[in-house]
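# quick one: sequence and predicted model below, then my questions.
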Amino acid sequence: MEGQVREISLILLNCGMGGNGDGITNAIARLGENMAASRCSLLDYNDENRGFDLFQQWCAPGTAPLEADFHIPAVVVAPYHTRLLRGEAVIVSRDRTDRDNIEYSLLEAGGAHSVLCLPILRDGSLEGVLILSFPTSQPELQWPAEIRPLQVTADLIGAALARKRLAGELEHQASHDVLTGLNNRRKFEELLLQEIERTSRYQRPFAVIMFDIDHFKRINDRHGHDIGDAVLNELATIVGEQVRDSDIPARWGGEEFIVLLPETGTEGARQAAEGRLRRRIAETLFTGAGRVTISLGVTQYQSGDTLDSLVKRADEALYRAKEEGRDRVVVG
Ligand SMILES: Nc1nc2c(ncn2[C@@H]2O[C@H](COP(=O)(O)OP(=O)(O)OP(=O)(O)O)[C@@H](O)[C@H]2O)c(=O)[nH]1
């Protein structure tokens with residue numbers, strides 16, 4: 001058991017400060033194998049749906065994995081909540097748990113005969129549970145000789161999970177615009193470069209739409225900066241809803257936005273710009289600002305384009321849309 005703690009510590013330390021998913025997956029696998037479990041699953045508390053969502057799992061050969069959206073409502077764990085909060089491990093077994101008991105679903109969901117639940121605590125609250133499932137009745141583990149190292153292992157996995165979550169939040173902050181939640185320019189450029197590389201290799205078309213709110217300065221001047229911000233935010237939401245899941249919208253800067261449309265040629269992009277963006281925005285009554293229009297420049301990737309040449313062509317088309325009277329789409 002002591003050896004197991006050392007081994008899993010090393011796996012998690014070697015996976016770096018980001019606590020990447022592979023380190024956690026390996027640690028869970030090793031724990032499951034060492035304990036001769038059929039499954040070892042790590043569940044993460046989700047405040048929004050008041051329960052624990054599956055984060056990672058390891059299954060022994062022949063054991064079917066849990067569905068990716070596997071979820072345990074908090075109420076199922078409620079009978080053990082106090083004990084788990086004290087840092088105690090809990091065993092639920094078919095031998096001792098009545099079908100009427102709510103926690104029986106813990107066994108049913110995992111198709112297990114018994115499960116050992118280890119709490120993952122952070123700042124005094126239950127952040128997650130590590131569940132080892134066994135196909136047979138499990139002899140009582142000896143406290144503290146056997147449970148204690150298991151709990152240390154769960155703590156180590158919990159710390160890696162917290163690091164991973166923090167790294168994810170930092171990555172999100174670095175790549176998204178705070179006001180609109182869209183990709184920021186830095187992230188968009190990274191994705192655009194990837195798309196250029198993919199297109200050069202596979203000769204697949206893609207297009208970009210660059211657009212800008214018309215007379216946005218007037219909106220700020222008339223209604224104030226807060227309403228200006230609200231317009232940007234509402235517009236970003238519409239854009240996010242209107243484009244395809246595979247399209248990538250971003251805030252290019254100020255009141256300028258850009259959308260990357262993979263697998264789309266000029267005509268498809270022009271139609272999307274006209275129907276999904278220009279017309280849809282023109283029909284919207286924005287809170288506090290009323291009607292708002294946008295001007296759009298559309299262009300398709302051409303062989304030999306660089307990021308700069310492509311964006312420049314979209315920007316020039318947008319400029320022409322402004323010159324020609326705004327509230328329109330121009331193809332460049
Ligand atoms: N509220 C708000 N305003 C912003 C933000 N970023 C840029 N702006 C404003 O957007 C305005 C852009 O003005 P201009 O570049 O003159 O363009 P415009 O008024 O939209 O005119 P046209 O583009 O020619 O139709 C400026 O007043 C900026 O201060 C932001 O994050 N929030």
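Good, I have the coordinates.
# in the lengthiest helix in the chain, which residues are buried?
In the chain, taking DSSP state H as the definition, the longest helix is helix 147-175. For helix 147-175, a neighbour-count test (16 or more other C-beta atoms under 10 Å) marks 147-158, 160-164, 175 as buried. (Each C-beta comes from the backbone N, C-alpha and C, glycine too.)
# which helices and strands does that helix pack with?
helix 2-14, helix 21-34, strand 39-46, strand 114-122, strand 125-134, helix 185-202 (3 or more C-beta pairs under 8 Å, 6 or more residues apart in numbering; DSSP states H and E).
# any idea how far the longest one is from the chain center?
Spelled out, that is helix 185-202. From the chain centre to the centre of helix 185-202 is a distance of 21 Å (C-alpha atoms, centre = their mean, to the nearest Å).
# likewise the second one?
Distance of helix 21-34 from the chain centroid (C-alpha atoms, centre = their mean) equals 22 Å.
# tilt between the longest helix of the chain and helix 185-202?
If you take axes from the mean of the first three to the mean of the last three C-alpha atoms, to 10 degrees, helix 147-175 sits at 90 degrees to helix 185-202.
# quick check: residues of the protein near the ligand?
Proximity of the chain to the ligand (C-beta under 6 Å from any ligand atom) is limited to residues 179, 212-217, 220, 225, 228-229, 232, 254-255, 322, 326.
# any weak-confidence spans in the stretch 101-250 of the chain?
Within the stretch 101-250 of the chain, the ranges that satisfy pLDDT under 70 run 102-103, 109-110, 138-145.
# which residue does it have closest to the ligand?
G228 (2.7 Å; C-beta to the nearest ligand atom).
# doesn't H215 make contact with that residue?
No - counting by C-beta atoms under 8 Å, G228 stays clear of H215, with 11.4 Å between them.
# give me the more crowded residue out of those two.
Using other C-beta atoms under 10 Å as the criterion, G228 and H215 rank with G228 on top: 21 against 13.
# got the domain boundaries for the protein?
As given by automatic domain parsing, the domain ranges for the chain are 2-171, 185-331.
# any idea how far the shortest one is from the middle of the chain?
Taking the mean of its C-alpha atoms, domain 185-331 sits 24 Å from the chain's own mean (C-alpha atoms, centre = their mean).
# what do you get for the first one?
Distance of domain 2-171 from the chain centroid (C-alpha atoms, centre = their mean) equals 21 Å.
# what sits up against stretch 23-42?
The contact list for stretch 23-42, computed with C-beta atoms under 8 Å, 6 or more residues apart in numbering, reads 4, 7-8, 11-12, 14-16, 54-60, 63, 65-66, 70, 110, 112, 116, 120, 128-135, 150, 153, 156-157, 160-161, 164.
# so among those, which ones count as buried?
When these are checked for burial by 16+ other C-beta under 10 Å, the buried set is 4, 7-8, 11-12, 15, 54-59, 63, 66, 70, 110, 112, 116, 120, 128-135, 150, 153, 156-157, 160-161, 164.
# correct me, but Q300 touches R270?
No - Q300 is beyond contact range of R270, at 9.5 Å (criterion: C-beta under 8 Å).
# secondary structure element holding the residue of the stretch 101-250 of the chain closest to the ligand?
Element membership for G228, per DSSP states H and E: helix 225-242.
# tilt between whichever helix or strand comes after that helix and helix 225-242?
Downstream of helix 225-242, the first helix or strand assigned by DSSP H and E is strand 248-253. With the same axes, to 10 degrees defining the directions, strand 248-253 sits at 160 degrees from helix 225-242.
# dump strand 248-253 to PDB, keeping only the CA atoms.
Listed next in PDB are the C-alpha coordinates belonging to strand 248-253 (Å, rounded to 0.1, in the frame of the first residue of the first chain):
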ATOM      1  CA  ILE A 248     -15.200  29.700 -35.200                       C
ATOM      2  CA  PRO A 249     -16.300  33.200 -34.200                       C
ATOM      3  CA  ALA A 250     -14.000  35.600 -32.400                       C
ATOM      4  CA  ARG A 251     -13.800  39.200 -31.300                       C
ATOM      5  CA  TRP A 252     -11.000  40.600 -33.500                       C
ATOM      6  CA  GLY A 253     -10.900  43.800 -31.400                       C
END
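# what does it contact?
Residues contacting strand 248-253 (C-beta under 8 Å, 6+ apart): 177, 179-180, 182-185, 187-188, 191, 210, 232, 236, 239-240, 243, 257-260, 262.
# if any of these are buried, put those into a PyMOL selection.
The buried residues among the contacts of strand 248-253 can be selected in PyMOL (16+ other C-beta under 10 Å) with this line:
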select buried, resi 177+180+182+183+184+185+187+188+210+232+236+239+243+257+258+259+260+262
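# go ahead and confirm E316 touches G332.
Yes - E316 is in contact with G332 according to C-beta under 8 Å; the separation is 5.5 Å.
# mutual contacts of the two, please.
G297.
# buried set for stretch 223-238?
Applying 16+ other C-beta under 10 Å to stretch 223-238 flags H223, I227, G228, A230, V231, L232, N233, E234, L235, A236, I238 as buried.
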